[in-house]
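Novice: here is my input; please provide its structure:
(chains A and B)
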Protein chains: 2
Amino acid sequence: MNTEIRETNATMTDESYMLQAIHQAREAARHGDVPVGAVLVNPTSGEILAVSHNTRERDKNVAGHAELNVIQEASKIVKDWRLSDCTLYVTLEPCPMCAGAIMAARIPRVVCASKDPVAGAMGSVWSLHSHPVHKEIPDVTFGCCEKEATQMLKDFFADRRQG
Amino acid sequence: MNTEIRETNATMTDESYMLQAIHQAREAARHGDVPVGAVLVNPTSGEILAVSHNTRERDKNVAGHAELNVIQEASKIVKDWRLSDCTLYVTLEPCPMCAGAIMAARIPRVVCASKDPVAGAMGSVWSLHSHPVHKEIPDVTFGCCEKEATQMLKDFFADRRQG
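Specialist: Model (predicted):
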């Protein structure tokens, strides 16, 4: 167990799901995509509805971000585009496209590992989720497994600069 | 030809593409989706790469907006997620998800019919496209075939209230 002072309100359960998202992110790097992974969970049952990773480069599809992949996969399972009883775990703060999809799908809780100061749309560059136009504002937690996720991104870009 | 004073810088060519987007929007209404249509064009060749409409309700897929549908379809054709030589015609101002995808795909020109005061992310509620974080800001034109597109949306919601 990690005994250092935690600067996040993520729980141990959150960490176990985020470790699966990090595992997914590593899969993305294997095919040359920026390592970002996501897991979509029903927090009541504990069931994992979908796991995925960034496939934008592999599939030449701008919508192939980890978050949109799990959202679409989960919607097929629950046969609804509304995912209002799900928690999304993602290794990097969502971009505007994914934050927009998260809000549209009415996902009430998002747990992120790293912030994205370049394109983060849930607090860093934009705060799409907390605009007064929304009736319900999702709970957004940062810092769950942040070190691992940030190091993975650093390693990926360092390798790419050398490659 | 419409001789009234035009409050848009859309061209006659723009109008011909937008009429096809409006035709697409009507298809959406036929299966109970909010009538929004889109057409993605290579403005140099005049080639239409993709046409689509809102399929969110039909396919139970939050990403099934007209803009994301044409972007993904066109990417399959050009085998690239970058669509930096395309113009997007859409009957309603893009939402945050679609505006995010448009920016990510580097689409340099967007022509819209109606503004969306509820969820518009290219000027109405948000201005995702003009944030200083972007190296290139797309040209966004409003008001092309606005009357037809707005009336179509009004009719759809009026029918739904009565239904």
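Novice: which SS class is the most centrally placed residue in chain A?
Specialist: Centroid check for chain A by CA atoms, centre = their mean gives residue A:90 as the closest residue, at 1.8 Å. At residue A:90 the chain is in strand, as set by DSSP: H, G, I helix; E, B strand; the rest coil.
Novice: just checking stretch A:19-29 against chain B, any contact.
Specialist: No - counting by CB under 8 Å from any CB of the partner chain, no contacts exist between stretch A:19-29 and chain B, the nearest distance being 14.4 Å. The C-beta positions use only the backbone N, C-alpha and C, and glycine is treated the same way.
Novice: what is the burial count for residue A:21?
Specialist: Neighbour count of residue A:21, defined by other CB atoms under 10 Å in any protein chain shown: 29.
Novice: that one touches residue A:51, doesn't it?
Specialist: Yes - counting by CB atoms under 8 Å, residue A:21 does reach residue A:51; the two are 7.5 Å apart.
Novice: okay, and the common contacts of the two?
Specialist: Between them, residue A:21 and residue A:51 have A:37-39 as joint contacts when contacts are counted by CB atoms under 8 Å, 6 or more residues apart in numbering or on different chains.
Novice: just the residues you listed now: which is nearest chain B?
Specialist: Closest to chain B out of the shared contacts of residue A:21 and residue A:51 is residue A:38 (14.1 Å), distances taken as CB to the nearest CB.
Novice: what pairs with that closest one across the strands?
Specialist: Taking DSSP bridges as the rule, residue A:38 bridges to residue A:52, residue A:90.
Novice: that one contacts residue A:22, correct?
Specialist: No - shown here, residue A:38 and residue A:22 do not form a contact pair, counting by CB under 8 Å, at 10.4 Å.
Novice: report the set of residues contacting both of the two.
Specialist: With contacts defined as CB under 8 Å, 6+ apart, the residues adjacent to both residue A:38 and residue A:22 are residue A:91.
Novice: which of these two has more residues huddled nearby?
Specialist: It is residue A:38, of residue A:38 and residue A:22, that has more neighbours when counted by other CB under 10 Å, with 32 against 22.
Novice: tell me where the model's unsure across chain A.
Specialist: Low-confidence segments of chain A (pLDDT under 70): A:1-9.
Novice: now the helices for it?
Specialist: With DSSP state H as the definition, chain A shows helices at residue ranges A:12-30, A:56-59, A:66-78, A:96-104, A:146-162.
Novice: which strands and helices sit next to the first one?
Specialist: Other elements packing on helix A:12-30 under the criterion 3 or more CB pairs under 8 Å, 6 or more residues apart in numbering or on different chains; DSSP states H and E are strand A:37-41, strand A:48-53, helix A:66-78, strand A:87-92, strand A:109-114, helix A:146-162.
Novice: so which bits of that helix are buried?
Specialist: Of all the residues in helix A:12-30, those buried under the rule 16 or more other CB atoms under 10 Å in any protein chain shown are A:14-15, A:17-22, A:24-25, A:27-29.
Novice: next one: the last one
Specialist: Buried residues in helix A:146-162, counted by 16+ other CB under 10 Å: A:146, A:148-149, A:152-153, A:156.
Novice: can I get the residues you listed in TSV with distance to chain B?
Specialist: Shown next, in TSV, are the buried residues of helix A:146-162 (distance: CB to the nearest CB, whole Å):
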residue	distance to chain B
A:146	22
A:148	26
A:149	21
A:152	21
A:153	18
A:156	18
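Novice: so which of these is the closest to residue B:99?
Specialist: Ranked by distance to residue B:99 (CB to CB), these are led by residue A:153 at 24.8 Å.
Novice: neighbours of the closest residue to the closest one other than its chain neighbours, just the number please.
Specialist: By the measure of CB to CB, 6 or more residues apart in numbering or on different chains, the closest residue to residue A:153 outside its immediate chain neighbours is residue A:35, 6.2 Å from it. With neighbours defined by other CB under 10 Å, the count for residue A:35 comes to 23.
Novice: now do the one 10 residues further on
Specialist: Around residue A:45 there are 9 other residues, counting by other CB under 10 Å.
Novice: identify the bridge partners of residue A:109.
Specialist: Checking residue A:109 by DSSP bridges, which sets the bridge assignment, gives partners residue A:87, residue A:139.
Novice: who are the contact partners of it?
Specialist: Listed by CB under 8 Å, 6+ apart, the contact partners of residue A:109 are A:43, A:86-88, A:138-141.
Novice: show me which of those are buried.
Specialist: Taking 16+ other CB under 10 Å as the criterion, what is buried in those is A:86-88, A:138, A:140-141.
Novice: what parts of chain A come near chain B?
Specialist: Selection of chain A residues close to chain B by CB under 8 Å from any CB yields A:56-57, A:60-64, A:68, A:71-72, A:75-76, A:79-83, A:95-101, A:103-105, A:118-119, A:121, A:125-126, A:128, A:131, A:133.
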